[in-house]
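In: 3D model of this:
(4 chains)
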Protein chains: 2
Amino acid sequence: MLKLSKKTEYALMAVKFIAKKTDGNSVTAKEISDGYNIPYDLLSKVLQQLTKKKVIKSFQGIKGGYSLSKDPNSVTLIDIIRAVEPNYQITECIKDGSTEKDCTHFNCCMIRDPLAKVQKEIDKLFRSLTIHQIL
Amino acid sequence: MLKLSKKTEYALMAVKFIAKKTDGNSVTAKEISDGYNIPYDLLSKVLQQLTKKKVIKSFQGIKGGYSLSKDPNSVTLIDIIRAVEPNYQITECIKDGSTEKDCTHFNCCMIRDPLAKVQKEIDKLFRSLTIHQIL
DNA sequence: GTTTAATAAGACTAATTTAGTCCTATTTCA
DNA sequence: TGAAATAGGACTAAATTAGTCTTATTAAAC
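Out: Residues are numbered from 1 along each chain as shown, chains lettered A, B, ... in the order given. So this is what the prediction gives:
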């Protein structure tokens, strides 16, 4: 597969929407949901996850909403993906703390190290792309 | 997600297994399946897909099996992934030939081009890694 | 020629993951 | 206190992946 889930798509769209709003006001989930035709509930959760990871900040209450919490040049693709994709490692066994036991194949390590290298390269790529660059 | 499926894992393990066999004889699916604890039927399909894409070559009949069809230096990770992952694009809408209609969100194009760029970078990475390098 | 052991391939089922929905609580401004 | 926003847990539906089963085809060996 290697696909990014809808959550990442929605996160990118949301961040772009929020970034475009330059009048100082925050943006509500409903505005984004309506504007981009994204399911409201799902989008809400994505926004909450982005908030937890400090990619955006939220304001509660009736005048609430979301705004960027950082300079678009200092937020990278990896921040967004990590906020939203529960396990984005290209394979299970290269997670931190995983041991031989977690591997179904006792010979798994034959490809484990190589794949870890590939993962590092992907990380590097995602870390090099700021949302200012790509959106 | 961004995970590679088991098929890619099995493909890499199989290619490594075949590459290690240097006595000129071909390797059977059963040998790989037994050696690495991979479900035989699933592995068979992976091997068939690799054969179709000329990553390996097959010999039918009772003395049959598989062997590499190319120099390990000239086969890259992208060859293996493309042989085995039906759609490995990081998102739907950047497939060749997909139009606005294929996109659920009429504003999808807001992230389409950026994601296409990311895809290109990933492709570049996978194309630069030969199986000789990583296995 | 028949047997045997291999690849080739389609159809199907089970398991897992993703996508989406529903409901309730909490916050804060008017 | 009411209205409209975020926060978040539980649940269902849909899609994808993983694995199984079955049959056909191929080619060496007897």
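
In: For chain A, just list every one of the helices.
Out: Applying DSSP state H to chain A gives helices spanning A:6-20, A:29-36, A:40-52, A:77-84, A:109-128, A:131-134.

In: quick one: buried residues of the second one?
Out: Within helix A:29-36, the residues scored as buried using 16 or more other C-beta atoms under 10 Å in any protein chain shown are A:29, A:32-33, A:36. All C-beta spots, glycine's among them, are computed from the backbone N, C-alpha and C.

In: Who are the packing partners of it?
Out: Here helix A:29-36 touches helix A:6-20, helix A:40-52, strand A:65-68, going by 3 or more C-beta pairs under 8 Å, 6 or more residues apart in numbering or on different chains; DSSP states H and E.

In: Now distance to DNA strand D and mean pLDDT too, for the helices of chain A, in TSV please.
Out: What follows is the helices of chain A, written out as TSV (distance: least, C-beta to the nearest atom of the strand, whole Å; pLDDT from 0 to 100):
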stretch	distance to DNA strand D	mean pLDDT
helix A:6-20	10	94
helix A:29-36	4	95
helix A:40-52	4	98
helix A:77-84	12	94
helix A:109-128	14	86
helix A:131-134	19	87
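
In: B:Gly24: which of those helices is closest?
Out: helix A:109-128 (21.9 Å; C-beta to C-beta).

In: check whether the closest one contacts chain B.
Out: Yes: on the criterion C-beta under 8 Å from any C-beta of the partner chain, helix A:109-128 is in touch with chain B at A:110-111, A:114-115, A:117-118, A:121-122, A:125-126.

In: re the thing from before, out of the helices and strands packed on helix A:29-36, which one sits most buried?
Out: Of these, the one with the most neighbours on average (mean count of other C-beta atoms under 10 Å in any protein chain shown) is helix A:6-20, at a mean of 22.

In: so it versus helix A:29-36, what angle?
Out: Counting by axes from the mean of the first three to the mean of the last three C-alpha atoms, to 10 degrees, helix A:6-20 lies at 100 degrees to helix A:29-36.

In: helices or strands up against helix A:6-20?
Out: helix A:29-36, helix A:40-52, strand A:56-59, strand A:65-68, helix A:77-84, helix A:131-134, helix B:109-128.
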